[in-house]
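[1] Everything below, folded, please.
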Amino acid sequence: MFLIDTNRQGKVVTDAIVNQSIDNYLVNDLKLPGHGLMMYVNQPAVIVGINQSVMAEVDFHYLAANGVQLVRRTSGGGAVYHDERNLIFEHIVNGDPQDGSKFGDYSVFAQPILRALAEMGVAHPEISGKSNLVVDGKKFSGMTMFKNGDGYAAGGTIMYDLNVDAAHQALLPSSQRQHRGVASNRVPITNLRQYLAPEYRNLDIQAFKEALLCHIFQVERLDQIETYHLNDRDWDIIDERLADKYRTDAWNFGANPGFREYRAVLLPTGQLHLNFTVHQGTLRNVSLFGTVATADQLNAVADRLVGVSLETAALTAVLSDPAVLAVLGNGAVTPIVTALTTEAHREG
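    Reported below is the predicted structural model:
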């Protein structure tokens, strides 16, 4: 196993959208042969699974008010909260490294983490169920995987001193409405700091990361680990992938199961996201979410749009209703009509 250094020109990268996209580059593009491990820290962010509906996982008002990023990964699993006191690890495997690694088997990827933590004083850390890492019956890491050809990534979180209160507030579902996405399994969580030996309890996150890596690789210093450093060419390709997909609202906010279209509009009252499907010239499935109003209010407006013809006059009539204007604001009609009617996909 070797280490993958995700710093950019010697500087630590904490942008969660960037960090989340690196594994896709390593698996889909670079394809380093063997078994690599990368570990990084994110600024506050909620990471949702590829099959999840964001409106059922997060509080958009809290995210906007607290500068929390929303990031969609390309693997499954539930929604998690990251901040600067939390580590993310990812095993990157291409080909057969002949070390027991096997797609779908989380235990082989959990063992180096569990062994290192035990050496650092955590009593009996273990894997629970298919993919959760726990101590004292509480989860400190959830793992997930994705695969492409002969390459795959398997990773998860390591809660060192996560702001648990912020996590609970950020992951408060915006809407209880039925959806086609995979719901998160919300279980008791805990930080590891209290379980570690005294010399590891008061480290900053980068020092904790270094100590953990040294235990994983059984070395005294990071420069003793075989390491691949992302170079300028790597970053050029990563930047292209970010611009094309991973940094777009269409991916992070709009790729929700059950919808064919996504648009976003910035209204005087806040950001509004629209997911919808068009069938035979009418709106069939509609979901509105964002910071312009409460989830219940936006759901009521969305319900009124279902079955409406995708014609300017019909949409304007619904959106100009005083009850709808009271929710969206007087300046909402034209931007929303334009968003719904511009290059809309017409199914059937």
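
[2] Need the three-state assignment for the spatially most central residue of the chain.
    Closest to where the C-alpha atoms of the chain average out (C-alpha atoms, centre = their mean) is Ile47, at 2.0 Å. Three-state call for Ile47 (DSSP: H, G, I helix; E, B strand; the rest coil): strand.

[3] quick one: it from Asn24, how far?
    13 Å (C-beta to C-beta, to the nearest Å). (C-beta placed from N, C-alpha, C; glycine too.)

[4] which intervals of the stretch 1-150 of the chain have sub-threshold pLDDT?
    Along the stretch 1-150 of the chain, the model assigns pLDDT under 70 to no residue.

[5] residue boundaries of the strands in it?
    2-5, 34-41, 45-48, 69-72, 80-82, 86-94, 126-128, 132-135, 138-148 (DSSP state E, counting those that start in this stretch).

[6] Columns distance to Leu242 on top of those strands, output as TSV?
    Output for those, formatted as TSV (distance: least, C-beta to C-beta, whole Å):
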stretch	distance to Leu242
strand 2-5	18
strand 34-41	15
strand 45-48	15
strand 69-72	11
strand 80-82	18
strand 86-94	17
strand 126-128	32
strand 132-135	29
strand 138-148	17
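
[7] For Glu220, find the nearest of those strands.
    Of all these, it is strand 2-5 that lies closest to Glu220, at 14.5 Å by C-beta to C-beta.

[8] Report the buried residues of that closest one.
    Neighbour counts over strand 2-5 (16 or more other C-beta atoms under 10 Å) mark 3-4 as buried.

[9] Extract the C-alpha set from that strand and format it as PDB.
    Extracted C-alpha coordinates of strand 2-5, given in PDB (Å, rounded to 0.1, in the frame of the first residue of the first chain):
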ATOM      1  CA  PHE A   2       1.200   3.500  -0.800                       C
ATOM      2  CA  LEU A   3       0.100   7.000   0.100                       C
ATOM      3  CA  ILE A   4      -1.500   9.500  -2.300                       C
ATOM      4  CA  ASP A   5      -0.700  13.100  -1.400                       C
END
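
[10] Give me the contacts around that strand.
    By C-beta atoms under 8 Å, 6 or more residues apart in numbering, the residues outside strand 2-5 that reach it are 26, 32, 34-38, 92, 213, 217, 222, 225-230.

[11] That one: partners in the sheet, and parallel or antiparallel?
    strand 34-41 (parallel), strand 227-229 (parallel) (DSSP bridges).

[12] pLDDT averaged over the last one, what's the number?
    Here the mean pLDDT over strand 227-229 is 98, rounded to a whole number.

[13] For the next helix or strand after that strand, which residues meet the burial criterion?
    Going down the chain from strand 227-229, the next helix or strand is helix 232-241, by DSSP states H and E. Neighbour-count burial for helix 232-241 flags 234-235, 238, 241 (criterion: 16+ other C-beta under 10 Å).

[14] Could you dump those residues into TSV with pLDDT and distance to Ser131 added?
    Shown next, in TSV, are the buried residues of helix 232-241 (pLDDT from 0 to 100; distance: C-beta to C-beta, whole Å):
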residue	pLDDT	distance to Ser131
Asp234	98	28
Trp235	98	30
Ile238	98	26
Arg241	97	26
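
[15] Same list, those, but as TSV with distance to Ala250 please.
    Formatted as TSV, the buried residues of helix 232-241 follow (distance: C-beta to C-beta, whole Å):
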residue	distance to Ala250
Asp234	25
Trp235	23
Ile238	19
Arg241	14
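
[16] Out of these, flag the one nearest to Thr316.
    For the buried residues of helix 232-241, the nearest to Thr316 is Arg241 (38.7 Å; C-beta to C-beta).

[17] Verify the stated contact: that closest one with Leu26.
    No - Arg241 is not in contact with Leu26 according to C-beta atoms under 8 Å; the separation is 11.2 Å.

[18] returning to what we had before: tell me which of the strands paired with strand 2-5 is the most buried.
    strand 34-41 (a mean of 21; mean count of other C-beta atoms under 10 Å).

[19] relative to strand 86-94, how tilted is that strand?
    Relative orientation of strand 34-41 and strand 86-94, computed by axes from the mean of the first three to the mean of the last three C-alpha atoms, to 10 degrees: 160 degrees.

[20] Alpha carbons of strand 34-41, as CSV, please.
    Output of strand 34-41 as CSV, limited to C-alpha atoms (Å, rounded to 0.1, in the frame of the first residue of the first chain):
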residue,chain,number,x,y,z
GLY,A,34,-1.9,-1.2,-6.9
HIS,A,35,-3.4,-0.1,-3.6
GLY,A,36,-3.2,3.6,-2.7
LEU,A,37,-4.5,5.4,0.4
MET,A,38,-5.4,9.1,0.6
MET,A,39,-6.5,11.0,3.7
TYR,A,40,-7.7,14.6,3.8
VAL,A,41,-9.7,17.2,5.7
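
[21] where's it relative to the chain centroid, distance-wise?
    Distance of strand 34-41 from its chain centroid, counting by C-alpha atoms, centre = their mean, to the nearest Å, is 17 Å.

[22] How about residues contacting that strand?
    Residues from elsewhere that reach strand 34-41, judged by C-beta under 8 Å, 6+ apart: 1-6, 12-14, 19, 22-23, 26, 84, 86-95, 97, 99, 101, 112, 205-206, 209, 212-213, 216, 228.

[23] try stretch 90-98
    Applying C-beta under 8 Å, 6+ apart, the contact partners of stretch 90-98 are 1, 4, 23, 26-27, 31-39, 101, 103, 109, 150-155.
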